[in-house]
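Visitor: quick one, fold the following:
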Amino acid sequence: MVSFTYTITDKMGIHARPAGVMVQNIKKLPCNIKIKCGEREADAKKIFDLMAMGIKCGETVTVTVDGENEESVKEYLVDFFKNNF
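Guide: Predicted coordinates:
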């Protein structure tokens, strides 16, 4: 299991369009990916769960990847978060 933290810098927070792209790219992967923000937690492969969290600009999330190819998935997600959120 690997994880990283990221503070959302996009003024819209985690919003639908990039979140949808992320979900499409990771839902086929053979690992579990969770996003936690405060007491809220969601399966990153489920767009409705992710959007229901309502993560805003300035909030810090912890992303946990567990399973096959977790290091490469983590690196993809770190890059994706930096470029989109």
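Visitor: roughly how far does Glu71 sit from Ala19?
Guide: Noted for Glu71: a distance of 23 Å to Ala19, by CB to CB, to the nearest Å. The way it works is simple: take the backbone N, C-alpha and C, and place the C-beta from them, glycine included.
Visitor: more crowded one of the two?
Guide: Ala19 (20 against 9; other CB atoms under 10 Å).
Visitor: just to check, that one is in contact with Ile47?
Guide: Yes: between Ala19 and Ile47 there is a contact under CB atoms under 8 Å: 6.2 Å.
Visitor: where does the protein have low pLDDT?
Guide: Nowhere does the chain drop to pLDDT under 70.
Visitor: please name the nearest non-neighbouring residue to the residue in it sticking out farthest from the centre.
Guide: Going by CA atoms, centre = their mean, the residue of the chain most distant from its centre is Glu68, 17.1 Å out. Distances taken as CB to CB, 6 or more residues apart in numbering put Pro30 closest to Glu68, at 4.4 Å, once the chain neighbours are dropped.
Visitor: before we move on, back to that, residues contacting the residue farthest from the centre of the chain?
Guide: Leu29, Pro30, Cys31 (CB atoms under 8 Å, 6 or more residues apart in numbering).
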